[in-house]
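1. next one to model:
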Amino acid sequence: DETLFRSEVASDTHFQEGYFYLGNYYLAQKNYSLAEKMYIAASQSEKSVHAYSEPDTILTNLAAVKFAQKDYTKADQLLANI
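-> Numbering: from 1, shown residues only. Next up, the predicted model:
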């Protein structure tokens, strides 16, 4: 996923789905800092750009990052927003 999507999000900063898949990749690699950055980027939407996004899944995965970092309060807060 990193090889495919890293260059794609670099060329299209509105490619929310690409950021999401990068977040998944970094979460699986236990690179929580980059996973968090990618999920936050995936959650940013530009009103003038139509892009595929699954906000609940992004928040769930971001909560998984916070849980892995033992930030249980933040994980609970994120899940409460779903």
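2. residues contacting Glu46?
-> For Glu46, the contact set (Cβ atoms under 8 Å, 6 or more residues apart in numbering) comprises His14. (C-beta placed from N, C-alpha, C; glycine too.)
3. sorry, that was for Arg6
-> Leu22.
4. how close does it sit to Asn31?
-> 13 Å (Cβ to Cβ, to the nearest Å).
5. and what of Ala63?
-> Ala63 sits 17 Å away from Asn31 when distances are taken as Cβ to Cβ.
6. work out for me the element the residue nearest the centre of the chain sits within.
-> With distances taken as Cα atoms, centre = their mean, the residue of the chain nearest its centroid is Tyr39 (1.5 Å). In this structure, Tyr39 sits in helix 32-43 according to DSSP states H and E.
7. that helix: how far from the chain's middle?
-> Distance, stretch centre to chain centre, for helix 32-43: 4 Å (Cα atoms, centre = their mean, to the nearest Å).
8. cool, and stretch 21-40?
-> 7 Å.
9. list the buried residues of it.
-> Residues 21-27, 31-32, 34-39 are the ones in stretch 21-40 that count as buried (16 or more other Cβ atoms under 10 Å).
10. need the contact list for the residue nearest to the centre of the chain.
-> With contact set as Cβ under 8 Å, 6+ apart, Tyr39 has these partners: Tyr19, Phe20, Gly23, Ile58, Asn61, Leu62, Val65.
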